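Q: okay, predicted coordinates and the sequence, questions at the end:
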Amino acid sequence: MVLLCSPIGEADRGQALRIEVHREIPLDLALGAAWDRLVHRMERPEIFYTYEWARAVSLAYGKSLYPFLVLGYDQTELVGVAAMATDLTGKRARFLGATTSDYCDFISRPEDRYSTLD
């Protein structure tokens, strides 16, 4: 589902960040590869940020939390990932791996870090 479009930064005026929201971590090899490439570009990549970790957590804890995955694209390139989850009521959100990971963070390229979060 495409939720909204937003500018991605001063230097990139005219381009839009396309946002997709998913209520699951989809079994999608292309998404997994793009997600993991993005993790490896981070200042401090961690196993806990990977597609495989998010998918494993969502499968293992699917009865007690509901994934809320936000993906940001600059045209066709994945530039941001927020792997979140909601509780059973849907009123509280947290990082998907908050109870199983040593580290949780938004995933983006270092050069896009702040423009992705704006």
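A: That came through fine. Numbering: from 1, shown residues only.

Q: so where's the protein uncertain?
A: Within the chain, the stretches with pLDDT under 70 are 1-15, 114-118.

Q: which residues in it form strands?
A: Remark: strands assigned in the chain by DSSP state E are 2-7, 16-22, 66-74, 77-86, 93-95, 107-108.

Q: output the contacting helices and strands for the fifth one.
A: Taking 3 or more C-beta pairs under 8 Å, 6 or more residues apart in numbering; DSSP states H and E as contact, the helices and strands that strand 93-95 lies on are strand 77-86. Where C-beta positions appear, they are placed from N, C-alpha and C, glycine not excepted.

Q: report the central residue of the protein.
A: Central residue of the chain (C-alpha atoms, centre = their mean): residue 81, 2.0 Å from the mean position.

Q: got a list of what it touches?
A: By C-beta atoms under 8 Å, 6 or more residues apart in numbering, the residues touching residue 81 are 35, 38, 69, 70, 71, 72, 106, 107, 108.

Q: can I get the residues you listed in TSV with neighbour count?
A: TSV is the format used below for these (neighbours: other C-beta atoms under 10 Å):
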residue	neighbour count
35	24
38	23
69	21
70	15
71	22
72	24
106	17
107	26
108	22
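
Q: widest-spaced pair of those?
A: Spanning the widest gap among those are 69 and 108, at 14.4 Å by C-beta to C-beta.

Q: buried stuff in the longest helix seen in the chain?
A: Taking DSSP state H as the criterion, the chain has its longest helix at helix 29-41. Residues 31, 32, 34, 35, 36, 38, 39 are the ones in helix 29-41 that count as buried (16 or more other C-beta atoms under 10 Å).

Q: please apply the same query to stretch 96-109.
A: Residues 96, 97, 101, 104, 105, 106, 107, 108, 109 are the ones in stretch 96-109 that count as buried (16+ other C-beta under 10 Å).

Q: so which of the strands of the chain is the most surrounded?
A: Comparing those by mean neighbour count (mean count of other C-beta atoms under 10 Å), strand 107-108 ranks first with a mean of 24.

Q: list the helices and strands that one packs on?
A: On a contact count with 3+ C-beta pairs under 8 Å, 6+ apart, strand 107-108 meets helix 29-41, strand 77-86.
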